[in-house]
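[1] Show me how the following folds:
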Amino acid sequence: MKRLLYLLIYVVVLVVAILNYPAEMKRKRLASALATGHLAALPAQAHHIEAATEGNLFARSYWVTFTASDADIQRWLLKSPALAATKPTRCSQPMLFGEQPSWFQPAGIRRGLLYQIPQDENADYGTVWIDEETQVVYIKTSHS
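    Below you'll find the model as predicted:
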C-alpha cells in the first residue's frame, strides 16, 4: 500500500512538471530576452505574450511580443534602462532579415516607433518596434 502511494505521488509530480514545462520555458525565454536588452519587466496588464529564442552559447537571439495599453507601454518605456534615454524614430513596414517566429510580424506596422538598443560591452543589443495603431510591442534582442 505504501509503495502504491509513493508511486501515485511520483506520477502526480511528474505530470505536474510536464504540464508546467512549456510555461516555465516561456518565462525563462522572456526573462533572458528582457535582460539581454536591458528592458523592464512587462506591464502587469500585458497580454498576448509570446517569446522565442534561437542560437547557441556564443550567439543567441530572442523575440518577444506583447499587447498593452498606450499608458502601460509608455510606463514600460520609461522603466526600461535601454529605452528611457533613447530617442525613437518613426517607422512603417520595417524590413526584417533572417528568420523569426511566425507570430513576430513588425513588418505589418503602418504607423509606429522604432527604438534601437546599442550594443553594450557584453555584445548585447536589440530593437523594439511599437505599433501605435494596435498597441503591439515587438522586441528582438541578441547577444553575439
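
[2] going forward, measure contacts between C-alpha atoms and count neighbours the same way
    Noted.

[3] how about the strands of the chain, start to end?
    Per DSSP state E, the chain carries strands over the ranges 47-55, 60-67, 89-91, 112-117, 124-131, 136-143.

[4] Need the ones you listed in TSV (columns: mean pLDDT, mean neighbour count and distance to P81).
    Output for the strands of the chain, formatted as TSV (pLDDT from 0 to 100; neighbours: other Cα atoms under 10 Å; distance: least, Cα to Cα, whole Å):
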stretch	mean pLDDT	mean neighbour count	distance to P81
strand 47-55	92	16	20
strand 60-67	94	22	17
strand 89-91	90	14	18
strand 112-117	94	20	10
strand 124-131	94	22	13
strand 136-143	94	23	14
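
[5] Same list, those strands, but as TSV with distance to K2 please.
    Formatted as TSV, the strands of the chain follow (distance: least, Cα to Cα, whole Å):
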stretch	distance to K2
strand 47-55	43
strand 60-67	47
strand 89-91	65
strand 112-117	58
strand 124-131	53
strand 136-143	51
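
[6] mind checking which of those strands is nearest R29?
    Closest approach to R29 among the strands of the chain is made by strand 47-55 (6.1 Å; Cα to Cα).

[7] Name every sheet partner of the closest one and say whether each one runs parallel or antiparallel.
    strand 60-67 (antiparallel) (DSSP bridges).
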